[in-house]
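Colleague: Mind looking at a prediction? Sequence and model below.
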Amino acid sequence: MIDHVSLGTRKFDEAIEFYSACFSPLGYHLEHRTPEEAAFGPAGNRIFWLYPAQSEDSLLGHRSHVAITANAHENINQFFEAAMQRGAKPVRPPGQRPDISPNYFGTVVHDLDGHTIEVVYWRK
């Protein structure tokens, strides 16, 4: 079981604002912030962490991405709209993907640093 995920960012303050707005429809909120780190999650859980990049090393890994669970299609649409309004790049707009699963509905974006973020709802 994965406990948490962390990403480096070259735009720390902007990234905090970006994720605060985009994660809100998913029930994730800023739970912790210092000059060295920020953490988001639902109801006091620190699940998604951001750290300011300390060097010019690559922030991105080939084929790596973070996937967040949504509770409904509407939450995914709200995430996508918030992300687009704040400078994210669309990879895959919200929608069903029967090639993945008949139960899949999701979206994929690149955040301000180019990290690939997926938000998915699995219909039961």
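Modeller: Now that the structure is in, tell me what you want to look at.
Colleague: Where does Ala83 sit: helix, strand or coil?
Modeller: At Ala83 the chain is in helix, as set by DSSP: H, G, I helix; E, B strand; the rest coil.
Colleague: Kindly tell me how buried Phe12 is, as a neighbour count.
Modeller: The number of residues packed near Phe12 is 19, by other C-beta atoms under 10 Å. Yep, even glycine has a C-beta here, placed from its N, CA and C like the rest.
Colleague: can you pull the contacts of it?
Modeller: Ala38, Leu50, Tyr51, Pro52 (C-beta atoms under 8 Å, 6 or more residues apart in numbering).
Colleague: and the strand or helix carrying the second one, what other elements does it pack with?
Modeller: Element membership of Leu50 [criterion: DSSP states H and E] is strand 48-52. Contacts of strand 48-52 with other secondary structure elements, assessed using 3 or more C-beta pairs under 8 Å, 6 or more residues apart in numbering; DSSP states H and E, are made with strand 5-9, helix 12-23, strand 37-41.
Colleague: Would you mind putting the ones you listed into TSV with distance to Val119 alongside?
Modeller: Rendered in TSV, the data for the helices and strands packed on strand 48-52 read as follows (distance: least, C-beta to C-beta, whole Å):
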stretch	distance to Val119
strand 5-9	14
helix 12-23	9
strand 37-41	13
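Colleague: out of those, nearest to Val108?
Modeller: Nearest to Val108, of all the helices and strands packed on strand 48-52, is helix 12-23, at 12.9 Å by C-beta to C-beta.
Colleague: about what we covered before: kindly give a single PyMOL line that selects the buried subset of the contacts of Phe12.
Modeller: Applying 16 or more other C-beta atoms under 10 Å to these, the buried members can be selected in PyMOL as follows:
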select buried, resi 38+50
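Colleague: Glu17 contacts Arg86, doesn't it?
Modeller: Yes: assessed by C-beta atoms under 8 Å, Glu17 is found in contact with Arg86 at 7.4 Å.
Colleague: Have a look at the two and say which one is more surrounded.
Modeller: Arg86 (17 against 14).
Colleague: if I pick that one, what's in contact with it?
Modeller: Glu17, Phe18, Ala21, Cys22, Leu112.
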